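K.L.:
here is a sequence together with a model predicted from it:
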Amino acid sequence: MFNLKALQRNKTVKYGVPMLLLVVGGSFGLKEFTQIRYDAQRHRKRLDPELEAQVNVQRQANILEDEYEKMKQVNLDDWKNIRGPRPWEDSREYQEQQRSRQNKKD
């Protein structure tokens, strides 16, 4: 029926089937390797139960209304925007200039 030599000479069997196996098998193999990666990351991100409890308490303490009350306390009328030094400017020299300007105005 089937001649083995004829199948070995067939280009589809010789090149196509291995390529198809490589693509399909590689897909399943990559799925397993990436799943291991994500499982390891999930395992690393887990916190110690005591530390997690402290974090949850801190999150509950910082509710939006408390932050709003803190912002109402801040005096924004006397706030002044002072730009930082540019990359080519010496930061210490620039800070001294800003301090001297601030002292002259006060």
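P.N.:
Done, it's in.

K.L.:
in this structure, which helix has the most residues?
P.N.:
When the chain is scanned for its longest helix (criterion: DSSP state H), the result is helix 17-45.

K.L.:
what ranges do the helices span in this structure?
P.N.:
4-9, 11, 17-45, 49-61, 64-73, 91-105.

K.L.:
could you pull up the mean pLDDT of the fifth one?
P.N.:
Along helix 64-73, the predicted confidence averages to a pLDDT of 82.

K.L.:
hey, C-alpha coordinates of it in PDB?
P.N.:
Listed in PDB are the C-alpha atoms of helix 64-73, where the atom choice follows Å, rounded to 0.1, in the frame of the first residue of the first chain:
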ATOM      1  CA  LEU A  64     -10.200  60.300  50.900                       C
ATOM      2  CA  GLU A  65     -11.900  62.600  53.500                       C
ATOM      3  CA  ASP A  66      -8.800  62.600  55.700                       C
ATOM      4  CA  GLU A  67      -6.700  63.600  52.800                       C
ATOM      5  CA  TYR A  68      -9.100  66.400  52.000                       C
ATOM      6  CA  GLU A  69      -9.000  67.700  55.500                       C
ATOM      7  CA  LYS A  70      -5.200  67.700  55.400                       C
ATOM      8  CA  MET A  71      -5.200  69.700  52.100                       C
ATOM      9  CA  LYS A  72      -7.600  72.200  53.600                       C
ATOM     10  CA  GLN A  73      -5.000  72.900  56.300                       C
END
